[in-house]
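one predicted model, sequence on top.
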Number of protein chains: 2
Amino acid sequence: MIRWGDRVARRSAILAVAGSLLREQGLSALQMREVARRAGIALGTVYTYFPTKEGLYAAMYAQRLDEMLDELEPKLASMTDLEELFVVIATSYRDVYAEFGKELDILAVAGGRSNLAPEIRDQLVASAGRLLAAVRSILVRAAEKGIYAGAADPDLVLTLLWSTVTGLADHFTSIRHEMHRHTWDDTVRFAAHTLIRGLVEGPVPQAFSGMPQIDAESDARIEG
Amino acid sequence: MIRWGDRVARRSAILAVAGSLLREQGLSALQMREVARRAGIALGTVYTYFPTKEGLYAAMYAQRLDEMLDELEPKLASMTDLEELFVVIATSYRDVYAEFGKELDILAVAGGRSNLAPEIRDQLVASAGRLLAAVRSILVRAAEKGIYAGAADPDLVLTLLWSTVTGLADHFTSIRHEMHRHTWDDTVRFAAHTLIRGLVEGPVPQAFSGMPQIDAESDARIEG
DNA sequence: ACCTGAACACCGTTCAAGT
DNA sequence: ACCTGAACACCGTTCAAGT
């Protein structure tokens, strides 16, 4: 039992209870009354710790991301392979996505002007920063080795990679993935391989002439 | 005014009213009372046309997808360029996504076992079929010309392309896209170029040896 | 048959009162 | 200071009654 007035321990307990509720039964079962009941406190008390349900949710998300990054950073530090980078990050993020779903996106929340408590917002910004820093440093290392097509704007590369990460996470979190027999591992590795192959410098295959930017009539025509 | 008992016209009117509500004010403003009020009918009447709010939403989505495909199919029929294909589909879908957001995904709803009215489900399955048929026919045409790397499983290719389409749509529908200055057009074209370049057959750039499948130690190492 | 709208159920949020 | 829980607000859904 948490003693009366121990706000730090109580806050953790609420987060823990809410987390298990979310994991076990999904978002629709995450109700403030149920959180209060499982935490052994009154309904109103939850609101003295978190301003709204959304605030509670954001705090849970921030905590989960920190956990993810604590696991991820050591792996990324020693990593030199762009495909592996993609696979490892995508797989970690998929697990977070499976819990928190489409409601929250680390790069969206961290960048946005939502009504979050400043502390939570800062925590999310920090997490996003850790993730971006890790990815950027690998891209830079790759660019220095001349393998990665450094000509493309890093923002574009990051947007493409992150969009694919979230898109794949979404795919395998929805019933969509039951439409074919491929596993997550097969699919992410194929995605990683294809993307990196497309990004990497080198001779342009066949009809392509390697103009990586806007051009109304592209040069990848099948005929002619 | 719709005359008493004209269920066909009334149904259309409800869908139209709900659609404008969704477009103008977003999902949170789509409330059954407001739909009834704007349609000039009683709250209970809405429920004689649509079994639940979700059913109404799915019907709106199905209608919007039909509209999208009516626009898309003629364009796709004469299309031979894989990059253009990606750009055109992604852009159309982004507009749908901006309205209906993450709640519904054509390939998820069509494949799933949700509690939709059979007619709506059938309509969604048909839409998904139209989209997949169009894409597949272009991939096949490309494979015949020997440009597209037909070796890769078409399911994998489709999953990757569709995941990126939804990921990009999500990116540009969230505040995330404000984090950099690139437009939708720039980004989708870059994505299309990179993906198709990665998928296309041809000499493998630099250290790559073109093994497109699972391999724990990938060969895209930066060093060694 | 089709339509009505008051009533119910559910859940996020508030706040005056308790310790 | 911290906690309580009844009460309020809101909105999806139902159903007995109306035409």
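Received the coordinates, thanks.

tell me the secondary structure at the residue lying closest to A:Glu34 once chain neighbours are set aside.
Distances taken as Cβ to Cβ, 6 or more residues apart in numbering or on different chains put A:Leu21 closest to A:Glu34, at 6.3 Å, once the chain neighbours are dropped. Placement of C-beta: from N, CA and C, glycine included. Secondary structure state of A:Leu21, per DSSP: H, G, I helix; E, B strand; the rest coil, is helix.

list the buried residues of stretch A:51-59.
A:55-59 (16 or more other Cβ atoms under 10 Å in any protein chain shown).

which strands or helices does the helix or strand A:Ala133 falls within pack on?
Using DSSP states H and E, the element containing A:Ala133 is helix A:118-144. Here helix A:118-144 touches helix A:53-77, helix A:82-100, helix A:106-111, helix A:154-173, going by 3 or more Cβ pairs under 8 Å, 6 or more residues apart in numbering or on different chains; DSSP states H and E.

in it, what's buried?
For helix A:118-144, the buried set under the neighbour-count rule, 16+ other Cβ under 10 Å, comprises A:120-121, A:123-124, A:127-128, A:130-132, A:134-135, A:138-139, A:141-143.

list the contacts for A:Gly111?
A:128, B:175-176, B:178-179 (Cβ atoms under 8 Å, 6 or more residues apart in numbering or on different chains).

what residues does chain A put near DNA strand D?
With Cβ under 7 Å from any atom of the strand as the criterion, chain A meets DNA strand D at residues A:4-7, A:10, A:41-45, A:47-48.

for DNA strand C, tell me which of the residues you listed show up nearby.
Applying Cβ under 7 Å from any atom of the strand to these, those adjacent to DNA strand C are A:43-44, A:47.

could I get these as a markdown table with distance to chain B, neighbour count and secondary structure?
Shown next, in a markdown table, are those (distance: Cβ to the nearest Cβ, whole Å; neighbours: other Cβ atoms under 10 Å in any protein chain shown; DSSP: H, G, I helix; E, B strand; the rest coil):
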| residue | distance to chain B | neighbour count | secondary structure |
| --- | --- | --- | --- |
| A:Leu43 | 23 | 12 | helix |
| A:Gly44 | 25 | 9 | helix |
| A:Tyr47 | 21 | 15 | helix |
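
centre of the chain to the worst-scoring helix or strand of chain A on mean pLDDT, how far?
Every helix and strand of chain A was ranked by mean pLDDT, DSSP states H and E. The lowest is helix A:106-111, at a mean of 72. Averaging C-alpha positions (Cα atoms, centre = their mean, to the nearest Å) puts helix A:106-111 10 Å from its chain's average.

returning to that earlier point: pick out the most distant pair among the contacts of A:Gly111.
Comparing all pairs in the contacts of A:Gly111 by Cβ to Cβ, the longest separation belongs to A:Ala128 and B:Glu178, at 13.7 Å.

A:Leu43: what's its closest spatial neighbour, skipping adjacent residues?
Ranked by Cβ to Cβ, 6+ apart and with sequence neighbours excluded, the top spatial neighbour of A:Leu43 is A:Ala36, at 4.6 Å.

residues contacting that neighbour?
A:42-43, A:45-46.

helix or strand for it, just tell me which one.
Assigned by DSSP H and E, A:Ala36 falls in helix A:32-39.

so that helix versus helix A:53-77, what angle?
70 degrees (axes from the mean of the first three to the mean of the last three Cα atoms, to 10 degrees).

and the residue nearest to the spatial centre of chain A, what pLDDT?
Computing the C-alpha centroid of chain A and ranking residues by Cα atoms, centre = their mean puts A:Tyr93 first, at 4.4 Å. A:Tyr93 is assigned a pLDDT of 96 by the prediction.

and if you look at A:Arg10?
98.

and it, how far from DNA strand C?
A:Arg10 sits 14 Å away from DNA strand C, going by Cβ to the nearest atom of the strand, to the nearest Å.

that residue: neighbour count?
Number of residues near A:Arg10 (other Cβ atoms under 10 Å in any protein chain shown) recorded here: 20.

quick check: nearest residue in space to it, chain neighbours excluded?
A:Ile2 (5.3 Å).

now do the contacts for the one you found.
So A:Ile2 contacts A:9-10, A:13 (Cβ under 8 Å, 6+ apart).

quick one: which of those residues is nearest DNA strand D?
Distance to DNA strand D, by Cβ to the nearest atom of the strand, is smallest for A:Arg10 among the contacts of A:Ile2, at 5.1 Å.

identify the residues contacting A:Leu104.
A:Leu104 touches A:57-58, A:61, counting by Cβ under 8 Å, 6+ apart.
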